[in-house]
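Asker: Fold the following, please.
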Amino acid sequence: MGIEKILYLKVKLHNMTVAVKKQLSIYSPAYVNMELYEDGTGSFSLDDKVGWAWYGDDDDFVLGLIRVGDSTVARKFIDELNESDIDRSEIKEAIEKSLDKNPSDGLYHILGDNSTYLGFGVQDELIDEEYEIKRCLESSGVNEKLAEEIAEEIVGEALLEAPPTSDVFERLENRLTNNAYDLVGEKKRWKDVVKEAVDVCIEKEKTTGDFVECVLEKLLPLKQEGMELFFNEYGSKLREKLYEVANRKEIIDKISKKTGVDSDVITFCATNV
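Answerer: Numbering: from 1, shown residues only. Have a look, this model is predicted:
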């Protein structure tokens, strides 16, 4: 059974035990369904209509909200909230209940979402190091084609042994959940960052749509910082692996034997990037 189906069944199970109090749905250009339940919780179902769908539970409400806010239907969603009978306090309650159940709710998107967690958006992370190895070899008298081949092989070995992007992502997510300093420049829990944004916005804005837009304006800019944190963290792990590979005698000797380039030269260039 696929993960989307499992999540869908979780939402359906919730709906069977807790009645839906209010609902807002958008059908074009993408599908969005937000449900608010009698117990004060809420959930989102999203479908971009080109192959991606997600059915969140009531501890993913912030994630659903900021995914919508970062999508092609953001303006439509906010406008329809302003036309609906949904009150600001109901959205506020759903956010707070979700964060109380899941203190990292929303960080998944802030750190790059599926693109970084699954590695779809992680490419050429050692491209600079590969260039530096090649340049060093060339300055040591190795011809350009051979230098490129050696640099590619060393980097390839490091990438083969690199940690999964999900491992790095989860470690960073856990750290930011307890201390979001690297995102906001203050030592506070992620849930407190979101709740403070909610409190400021509910005081500032009188309509539900404007309130949600205000919250999104405070949270979505953190995505750039979050993605930079991920790439810095992941890049650091890759460079550690590259250094480890460059110091592994059996790998360097194999490359030396195949290319005819002295192993000491290869080791020097691969460990000094």
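
Asker: Now do the strands in the stretch 1-150 of the chain.
Answerer: Assigned by DSSP state E, counting those that start in this stretch, the stretch 1-150 of the chain shows strands spanning 20-26, 31-37, 42-47, 53-55.

Asker: With respect to residue 251, which of the ones you listed lies nearest?
Answerer: Closest approach to residue 251 among the strands of the stretch 1-150 of the chain (CB to CB): strand 53-55, 41.3 Å. Backbone N, C-alpha and C define where each C-beta goes, glycine included.

Asker: strands paired with the closest one, and their directions?
Answerer: strand 42-47 (antiparallel) (DSSP bridges).

Asker: Tell me which helix or strand in this protein has the weakest average pLDDT.
Answerer: helix 3-17 (a mean of 47; mean pLDDT, DSSP states H and E).

Asker: how far away is residue 205 from residue 222?
Answerer: Shown here: residue 205 relative to residue 222, a distance of 19 Å by CB to CB, to the nearest Å.

Asker: Looking at these two, which has the bigger crowd around it?
Answerer: residue 222 (24 against 16; other CB atoms under 10 Å).

Asker: Does the more buried one touch residue 190 like I think?
Answerer: No: applying CB atoms under 8 Å as the test, residue 222 and residue 190 come out as separate, 9.7 Å apart.

Asker: Now list whatever residues contact both of those two.
Answerer: residue 183 (CB atoms under 8 Å, 6 or more residues apart in numbering).

Asker: Tell me where the stretch 51-200 of the chain has helices.
Answerer: 61-69, 74-83, 88-101, 107-110, 113-117, 127-139, 144-160, 165-178, 181-184, 190-204 (DSSP state H, counting those that start in this stretch).

Asker: The fifth one - contacts with which helices or strands?
Answerer: So the one you mean is helix 113-117. helix 165-178, helix 222-246 (3 or more CB pairs under 8 Å, 6 or more residues apart in numbering; DSSP states H and E).

Asker: With the first one instead?
Answerer: If you count contacts as 3+ CB pairs under 8 Å, 6+ apart, helix 61-69 packs onto strand 31-37, strand 42-47, helix 74-83, helix 88-101, helix 107-110, helix 208-219.
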